[in-house]
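Novice: Okay, predicted coordinates and the sequence, questions at the end:
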Amino acid sequence: MAKVTIDGKSIEVPDGTTILNAARMIGHDVAPPAMCYYSKLEGSGGKCRTCLVEVTKGSEKDPRPMPKLVASCSTPVMDGMEVGNETSAKVIDARKGVVEFLLLNHPLDCPVCDQAGECDLQDLGYKHGVASTRTDEERRTFEMEDIGDKIKLHMNRCILCYRCVYTADQITDNRVHGILNRGDHSEISTYIHNVIDNDFSGNVIDVCPVGALTDKTFRFKSRVWFARPMDAHRNCDKCCGKTAVWLFGDDVLRVTARKDEWGEVEDFICNTCRFDKKSLADWTIEGPRHIDKHSVIAQNHYELPELEKVKTLK
């Protein structure tokens, strides 16, 4: 076991645990943001640099600080290590620079983007972004592309986190898309339209931290904060059948995998559940999903404890 202190809060974690996961064990107030790391995807992390932290004490054996900021998603803790995240001025300044870099070519699509309201980059930009740009150059642009019969790719919004590539590589048996070209010409593509057709291809939509990959069956139908997310399940011979259905009245607007408190998929679901089962009769509704009170989706969203409290008052 190794004892690590992050922003003044200490915890003992198993050897080999990364700084990011140790911070998550402590809580949201000290956990760095992560746009590319995904705990369920092997090899993810180290791409976006939003999780940079300052190691002010290397370990008990070697207390020297690390000379540069390090990526917390790929740096293991050492016994006695001390880390600065929100308390470090260097980290805050660097994170602002990283956000500015990520937004350099990102279009101002939030008013029309289906990811608005649940976008990690939107949250990051709100917290660390600047109100104006320092560049005069034109942004890189790509044509929108259908990389599956129900998946739309907006490459202009992509931050090249590689999550969708790792997902297709690790949970499907025939990945057909990846990173093409190099440098600022890099892009996600398949070279051939409509070729992603395996039973779990829709999961690339759930892992995307921005609005680069969107569900064509939900496209422009509603804002997420107008829908009611409910836990639901069905008997499925391809996946676990446990999902989140997003309702507007009795209409099922979309079906997604359930996500944990870090925005990561709990269990990957098949395309049949995601795209084909859009009738309320297809699902057994378990109850409202827990939504963080700070999320815009939480408006007009009532959960079971609150409903039970209202019944008690009556």
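Specialist: Good, I have the coordinates.

Novice: And residue 25, how far from residue 247?
Specialist: Distance of residue 25 to residue 247, computed by C-beta to C-beta, to the nearest Å: 34 Å. In short, each C-beta sits where N, CA and C put it, glycine included.

Novice: Between the two, which is the more surrounded one?
Specialist: Set side by side, residue 25 and residue 247 show more neighbours around residue 247, with 18 against 15, by other C-beta atoms under 10 Å.

Novice: what about the more buried one, which SS state?
Specialist: Assigned with DSSP: H, G, I helix; E, B strand; the rest coil, residue 247 falls in the strand class.

Novice: ok, now residue 49?
Specialist: With three-state DSSP as the basis, the three-state label of residue 49 is coil.

Novice: Skipping adjacent residues, who's closest to it in space?
Specialist: Spatial nearest neighbour of residue 49, excluding adjacent residues (C-beta to C-beta, 6 or more residues apart in numbering): residue 98 at 4.9 Å.

Novice: Could I have the CA atoms of the helix or strand that neighbour falls within written out in PDB?
Specialist: Assessed by DSSP states H and E, residue 98 sits inside helix 89-102. In PDB, the C-alpha atoms belonging to helix 89-102 read as follows (Å, rounded to 0.1, in the frame of the first residue of the first chain):
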ATOM      1  CA  ALA A  89      -1.400  27.700  -9.400                       C
ATOM      2  CA  LYS A  90       0.900  26.000 -12.000                       C
ATOM      3  CA  VAL A  91      -1.800  23.400 -12.600                       C
ATOM      4  CA  ILE A  92      -4.600  25.900 -13.000                       C
ATOM      5  CA  ASP A  93      -2.500  28.000 -15.400                       C
ATOM      6  CA  ALA A  94      -1.500  24.900 -17.400                       C
ATOM      7  CA  ARG A  95      -5.100  23.600 -17.500                       C
ATOM      8  CA  LYS A  96      -6.300  26.900 -19.000                       C
ATOM      9  CA  GLY A  97      -3.700  26.600 -21.700                       C
ATOM     10  CA  VAL A  98      -4.700  23.000 -22.400                       C
ATOM     11  CA  VAL A  99      -8.400  24.000 -22.700                       C
ATOM     12  CA  GLU A 100      -7.500  26.900 -25.000                       C
ATOM     13  CA  PHE A 101      -5.600  24.400 -27.200                       C
ATOM     14  CA  LEU A 102      -8.500  22.000 -27.300                       C
END
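
Novice: Please find the angle between the direction vectors of the helix or strand just after it and helix 89-102.
Specialist: Downstream of helix 89-102, the first helix or strand assigned by DSSP H and E is helix 120-128. Going by axes from the mean of the first three to the mean of the last three C-alpha atoms, to 10 degrees, helix 120-128 is angled at 130 degrees with respect to helix 89-102.

Novice: For stretch 266-277, buried residues please.
Specialist: 268-275, 277 (16 or more other C-beta atoms under 10 Å).

Novice: taking the residues you listed one by one, which sit in helices?
Specialist: residue 271 (DSSP state H).

Novice: Turn the buried residues of stretch 266-277 into JSON lines, including pLDDT and distance to residue 207.
Specialist: What follows is those, written out as JSON lines (pLDDT from 0 to 100; distance: C-beta to C-beta, whole Å):
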{"residue": "268", "pLDDT": "95", "distance to residue 207": "9"}
{"residue": "269", "pLDDT": "95", "distance to residue 207": "12"}
{"residue": "270", "pLDDT": "95", "distance to residue 207": "15"}
{"residue": "271", "pLDDT": "93", "distance to residue 207": "15"}
{"residue": "272", "pLDDT": "94", "distance to residue 207": "19"}
{"residue": "273", "pLDDT": "95", "distance to residue 207": "16"}
{"residue": "274", "pLDDT": "95", "distance to residue 207": "13"}
{"residue": "275", "pLDDT": "94", "distance to residue 207": "16"}
{"residue": "277", "pLDDT": "93", "distance to residue 207": "21"}
